[in-house]
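Student: Take this sequence and fold it.
(one chain, ligands or ions: 1)
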Amino acid sequence: MSALILVNGEVRDDCIQAGIEALRQGAPAIDAAEIVAREVESDVKDHSVGFSGLPNILGEVELDASIMDGATLASGAVSALKGYLHPISVARQVMERLPHVLLSDAGAARFAAEIKAEAGDLLDDEAKAIYLKRLNAVGKDWGLEIRDWSEIPNLQSLISSLKIPLSELVVRAMRYHEGGDTMNVIVRDATGHIVSAVTTSGVAWKYPGRIGDSPNIGAGNYADDRYGAAACTGVGELTIRHGTCIRAVLGMSHGRDIDQAGRETIHDLRRLSDPINAWIRLLLIDRNGKVGGYCTRAGATLKVQTTEHDAPEIATCEHVI
Ligand code: GLY
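Tutor: Model (predicted):
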C-alpha cells in the first residue's frame, strides 16, 4: 500500500505536498507529520495554529501541540508555549530527548530555548484586529476600549481598574465562538506505521493558562499501529472530558470497523453537556489505511492524499446525530 497523509479540510494543499514529497523521498512518517504541521504553523491565513493564531483574553498567544508514534506509543507535547514558532517541533523533541510526555508554559519555553527552537513574535496585524474587535465588543459593558495594540501591555491593569472579572470577560467572548480549527495530521507510511500530530493556538480569548485537548494524549490525539489513529479539532473541553481519541482507537481495537468506531464515539460525545455549543470533528485512520471523518456539526471536511496521487481528495465528514 502507498503511504498517505490525512488532515483536516482547511489545510492548504501545498502544506500537504511538502509532506508527500518527503515521504516519496523516503522520509519516515514522523518527519512527514512534522513537516506538514510546521507548514500550517507558518500559514498566516490560519488563525487557529502557530503564527497568526488568535491570542488568549489578555492578547498573548499560547500554543499547544502533540505528536504520537503509533509503533511505540511514545508521545511528546507542549502546552501554553509562548514565543516559539513551531510548537510541533518542540513537542517532538520532548518525546525524543526527555523522559516526559508534556511540558507546559514556562517549562516548555525553557526547553524550547535549550534546544534552540525558533523563537518569534506570533501575532500579525490581522490576528490582532480580530482579537481586538471581539474584546472591545464584549468589554464595552464595563467601559473597556482598546484602540491600538500599543495599549495591550496595560490591558491587565485596565481590567483591574475597571473591576472586570476576567472569567466573565472570557465567558462572554467565547459565547460567540465560531470555530477555531486546530490542525490534525495523521501519516501512515507504506509499512503501516502511523504517526499523528496536532497543533493549535487553542480557542481564542481563552483564560490565560487554559490547556486544550491538542496536547492531551487520548483526548485530542492518539495513535497505535495495531489498530489505527485519531485526532480531533473543535473545542477541546469536550474531548478532554470524553477521552475521544482513545475511545475511537479502542473501538477499533475491540473489533469495530472504522465507521462504527467513529460514529459510536461521536454519538457518545454528543450526550455531554456543552455550555458554549461547541463542535467536534474526529479524523480516523484504521490499521489498513482506510480513513474517515465524523463530526457533531454538518459541514466539516477532511483531505487525504497518497504518495501515488498529485493532489489531495477532499471529503465531507459524516455528521453524527
Ligand atoms: N482543539 C483545540 C482546543 O480546544 O484548544
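Student: Quick check: buried residues in the helix or strand containing Ala91?
Tutor: Here Ala91 is covered by helix 87-97, with elements defined by DSSP states H and E. For helix 87-97, burial by neighbour count (16 or more other C-beta atoms under 10 Å) applies to Pro87, Ile88, Ser89, Val90, Ala91, Arg92, Gln93, Val94, Met95. C-beta coordinates here come from the backbone N, C-alpha and C atoms, glycine included.
Student: ok, now stretch 284-300?
Tutor: Leu284, Ile285, Asp286, Arg287, Gly289, Val291, Gly292, Gly293, Tyr294, Cys295, Thr296, Ala300.
Student: What about the ligand: which of these touch it?
Tutor: Contacts with the ligand within the buried residues of stretch 284-300, as defined by C-beta under 6 Å from any ligand atom: none are present.
Student: ok, those residues vs Asp121, which is closest?
Tutor: Within the buried residues of stretch 284-300, the smallest distance to Asp121 is 31.0 Å, found for Ala300 (C-beta to C-beta).
Student: So that closest one sits against Ala315, correct?
Tutor: No - taking C-beta atoms under 8 Å as the definition, Ala300 is not a contact partner of Ala315, at 10.1 Å.
Student: Now the common contact residues for those two.
Tutor: Gly9, Gly293 (C-beta atoms under 8 Å, 6 or more residues apart in numbering).
Student: circling back to that earlier point, in strands, which of the buried residues of stretch 284-300 appear?
Tutor: If you go by DSSP state E, the buried residues of stretch 284-300 have Leu284, Ile285, Asp286, Val291, Gly292, Gly293, Tyr294, Cys295 in strands.
Student: Let me know the pLDDT of the third one.
Tutor: The reference is to Asp286. Model confidence at Asp286, given as pLDDT, is 98.
Student: Please report how far it lies from the ligand.
Tutor: Computed as C-beta to the nearest ligand atom, to the nearest Å, the Asp286 to the ligand distance reads 23 Å.
Student: residues contacting that residue?
Tutor: Tyr227, Gly228, Met252, Asp257, Ile258.
Student: Drop anything exposed from these.
Tutor: Here, 16+ other C-beta under 10 Å leaves Tyr227, Gly228, Met252, Ile258 buried among these.
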